[in-house]
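Undergrad: sequence-free structure coming up:
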């Protein structure tokens, strides 16, 4: 073993052997185990080191132990030693080449660190990590020293007060440690302002991407304890600059106060040295119970921190447990159980020198997986009693201990492959390799998702204008004008179910239908024995057409919104006309009609008068202004939506620039002017229609009047018929169908006493329909041939004028002006730089992942 913690090149005597373990990690019952050399002997690792395989052996041990490559895949080899016989699958013993393991794992660890630093875990992605937890004074610090080959502070009051991330990797020469402080949480003072739901007291508001501050570069291993003290003080004093702790001549002893007794922000150690294994893990503060000298909230904060690290599904938990302490009394073990993390936890048994004979049987059951079971089993490590012992010497002492201890070399010797820190490091490196490799597809997916999000946001951020922006903007406006004109003029095929014009045409049809449907009607509710609701319902259900015959009614609510590709009109309101208030229809009773005729003729009845006709028409058309306004507002809205969609299509990358705002204002003013002009046209057309009734097509007028007169007569006859039937069917008396037919024939044969009333109403209804068709056509013609055409021809010119593009303008001055309008704001510019930087990093990460995936395929790493 080298001084820096790497493996020694000196080979030791080995015996070729392999062990077949049951699913719980224990040897098969019929096998016995013995060995003469425990130092670096070949043996299989735990059953769960590789998913789906019964055994696993470290690469270096197998490489020196047996020529397994001569065996065909999935065959079983039998290897014998002095008094034991083991069977092992050749696949289980497949070697991960050690240089490849170190090189590839280093790349993978660097990748995971980079992704974590960029906040990718906030994208619902758990990254593989190894977490060391335990109660206070359970040997956790000694384990950290054994794994990292460094010394940690051990003076009183210098226990771990924040998470420490330790990343190990090999190097060609020299020992080096880079210390950084990862500020994942913000500090709020006073504590009352903090978000205590996180459980971290005054630390809250987890950042999307943690801030990373360089603290120190250390080249002397002996200085690490001092630098760790400095870094921890910097973390515990978040209100001060870290330079107060990192830069000499300040001494640690000069700083006697701390702002917080605990902090969730991280100290990162990146250690490189020749021979170091590739490994990464987090050391968390020891779980403590309340102490009189401790702030009351600290134990809960530590428990919250431990839960935060062990709950993610890809956290491999190392739980330190002294051999002389019952696991049931471990607070850290309780947190593991509550987090349901037993299937990804390894129990690390410390202080094995305290084992007594009375407890050997219990520990044999624990190591065999029969008691206090963890799916990944248990490991036993022995660290020196003297904390000043050199790392290499400590590992040699550990080997001698397990080789010579009566119980570990005797009754517990069958579990010797789980003894020692070096074997633990090898196991963790290979396990971490497997965890990260299995996670690569998910990482690729999350990177791709994040890249998509960044690219979408970048499309909305303006770029720094480059070159001749004048030509670029002019071309965009020409494309905008061409697309707008094509959409507006695409009105030849009205049977098509796609297109913006078809969308408007259907609403125009609804406008027309609403006018026709609200023509005046005869109200028969005043006839004896008939209610208004009954009369209307029965009229609607009769086989005779009502006064609205000639305009087929259809369910306008079923009309879809039609889109034109690629411009979408999701913001258009459906059926604006049909959704308008439907109480416009004017109804006239026979009595009302008779009174009007009587009034205009000075009491004489039976003489028609044009004034009654004009009055009926005027009252029946009073609602046209409301229906017309709804249609006009709808037209303005879909025009605005169309133009806005086109602007986003052609100027979407400039949406946050002053230029886009000027264009939007220009469009708004232009459409507002067109709408105002259309409103004036509509008012003028409405005034014309509400004036003296007139039509030159008297033939159509008379034909329509005759048809309506016949409909009204039939409607009145049926109302009289229904009343007589009701009068005769008193109580339980029912009349036959033959009698009903006789009554109906009688009603039809009776002379009419309402000829004049029906004639006046029929004339008003017939004219109303002629006028409604004429009014609807004129409104729609002006919109189509004036509003739309002016928008298609002149809008882009108005935009050019408003942004300074004029024929008489100096092109250089125009270009300069447009550059000013398209220049991004400082905020947008900084945001673009951040996103582009992150995008480059993600693309590099994607490339790194692909390299690892390709290497895995080349070496068949999916089998390990």
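TA: Okay, I see it. Since the model is a prediction, treat every value here as computed from it, not as a measurement.

Undergrad: ok, and for the helix or strand hosting residue 776, which residues are buried?
TA: Assigned by DSSP states H and E, residue 776 belongs to helix 755-782. Buried positions in helix 755-782, judged by neighbour count with 16 or more other Cβ atoms under 10 Å: 756-772, 775-776, 778-780, 782. Quick note: C-beta positions are derived from backbone N, CA and C, even for glycine.

Undergrad: again with stretch 319-326
TA: The neighbour-count criterion (16+ other Cβ under 10 Å) identifies 319, 320, 321, 322, 323, 325 as the buried residues of stretch 319-326.

Undergrad: per-residue confidence at the fifth one?
TA: Just to be clear, that refers to residue 323. As predicted, residue 323 sits at a pLDDT of 89.

Undergrad: correct me, but it touches residue 347?
TA: No - counting by Cβ atoms under 8 Å, residue 323 stays clear of residue 347, with 10.5 Å between them.

Undergrad: bridging across strands, which residues link to residue 347?
TA: Counting by DSSP bridges, residue 347 is bridged to residue 319, residue 378.

Undergrad: count the neighbours of it for me.
TA: Residues lying near residue 347 (other Cβ atoms under 10 Å) number 24.

Undergrad: which strands or helices does the helix holding residue 776 pack on?
TA: When contacts are defined as 3 or more Cβ pairs under 8 Å, 6 or more residues apart in numbering; DSSP states H and E, helix 755-782 packs onto helix 500-517, strand 521-522, helix 590-600, helix 610-620, helix 624-651, helix 658-689, helix 698-728.

Undergrad: which of those has the lowest mean pLDDT?
TA: When those are ranked by mean pLDDT, helix 590-600 comes last with a mean of 87.

Undergrad: helices or strands next to that helix in the packing?
TA: On a contact count with 3+ Cβ pairs under 8 Å, 6+ apart, helix 590-600 meets helix 610-620, helix 755-782.

Undergrad: give me the angle between it and helix 610-620.
TA: Angle of helix 590-600 versus helix 610-620, following axes from the mean of the first three to the mean of the last three Cα atoms, to 10 degrees, is 130 degrees.

Undergrad: need the strands for the stretch 351-500 of the chain, in chain order.
TA: Assigned by DSSP state E, counting those that start in this stretch, the stretch 351-500 of the chain shows strands spanning 378-380.

Undergrad: what bits of it have low per-residue confidence?
TA: For the stretch 351-500 of the chain, the stretches with pLDDT under 70 are 491-498.

Undergrad: go again using 80 as the cut-off
TA: Within the stretch 351-500 of the chain, the stretches with pLDDT under 80 are 358, 387, 466-467, 490-499.

Undergrad: find the nearest non-adjacent residue to residue 132, please.
TA: Counting by Cβ to Cβ, 6 or more residues apart in numbering, residue 318 is the residue found nearest to residue 132 once chain neighbours are left out, at 4.6 Å.

Undergrad: what's around that neighbour, how many residues?
TA: 24.

Undergrad: any idea how far residue 853 lies from residue 782?
TA: Using Cβ to Cβ, to the nearest Å, we find residue 853 at a distance of 65 Å from residue 782.

Undergrad: ok, residue 306 next?
TA: Distance from residue 306 to residue 782, by Cβ to Cβ: 75 Å.

Undergrad: could you report the neighbour count for residue 634?
TA: 23.

Undergrad: begin at 142, not 1, for the rest of this chat.
TA: Taking 142 as the first residue, the last one we looked at is residue 775.

Undergrad: hmm, residue 651 and it touching each other?
TA: No - using Cβ under 8 Å, residue 775 is not in contact with residue 651; the gap is 9.2 Å.

Undergrad: pull the distance from stretch 373-383 to the chain's centre.
TA: With Cα atoms, centre = their mean, to the nearest Å as the basis, stretch 373-383 stands 35 Å off its chain's centre.

Undergrad: how long is it end to end?
TA: 10 Å (Cα to Cα, to the nearest Å).

Undergrad: pLDDT averaged over that stretch - what is it?
TA: Here stretch 373-383 scores 89 as its mean pLDDT.

Undergrad: so for it, what gets flagged as buried?
TA: Using 16+ other Cβ under 10 Å as the burial criterion, the residues of stretch 373-383 that qualify are 373, 374, 375, 376, 377, 378, 379, 383.

Undergrad: the second one contacts residue 399, correct?
TA: Yes - in this structure, residue 374 is within contact of residue 399 by Cβ under 8 Å, at 6.6 Å.

Undergrad: now do residue 309 against residue 571, distance only.
TA: Applying Cβ to Cβ, the value for residue 309 to residue 571 is 14 Å.

Undergrad: same question but for residue 986, I mixed them up
TA: Taking Cβ to Cβ, one finds residue 986 at 23 Å from residue 571.

Undergrad: the stretch 342-491 of the chain: strands as residue ranges?
TA: All strands of the stretch 342-491 of the chain, identified by DSSP E, counting those that start in this stretch, fall at 344-345, 352-359, 407-414, 420-424, 456-463, 486-491.

Undergrad: tell me the mean pLDDT over the last one?
TA: Same thing as strand 486-491. Averaging pLDDT along strand 486-491 yields 93.

Undergrad: tell me which other helices or strands it touches.
TA: helix 281-289, strand 456-463, strand 519-521.

Undergrad: can you tell me how far the residue nearest to residue 853 when sequence neighbours are not counted is from residue 852?
TA: Once flanking residues are discounted, residue 853 sits nearest to residue 899: 4.8 Å by Cβ to Cβ, 6+ apart. Distance of residue 899 to residue 852, computed by Cβ to Cβ: 10 Å.

Undergrad: how about the longest helix along the chain: buried residues?
TA: For the chain, the helix with the greatest residue count under DSSP state H is helix 562-601. The neighbour-count check on helix 562-601 (16+ other Cβ under 10 Å) flags 562-578, 580-581, 584, 587-588, 591-592, 595 as buried.

Undergrad: looking at the helices and strands packed on strand 486-491, which is nearest to residue 860?
TA: Between residue 860 and these, the shortest gap by Cβ to Cβ is with strand 456-463, which sits at 83.1 Å.

Undergrad: dump the residue contacts of the residue nearest to residue 853.
TA: Contacts for residue 899 were tallied using Cβ atoms under 8 Å, 6 or more residues apart in numbering; they are 663, 850, 853, 854, 857, 893.

Undergrad: what subset of the residues you listed is buried?
TA: The buried subset of the contacts of residue 899 (16+ other Cβ under 10 Å) comprises 663, 850, 853, 854, 857.

Undergrad: now, among the residues you listed, which is nearest to residue 799?
TA: Checking these one by one against residue 799 (Cβ to Cβ), the nearest turns out to be residue 663, at 63.2 Å.

Undergrad: what's the separation between the closest one and residue 273?
TA: For residue 663, the distance to residue 273 equals 92 Å [Cβ to Cβ].
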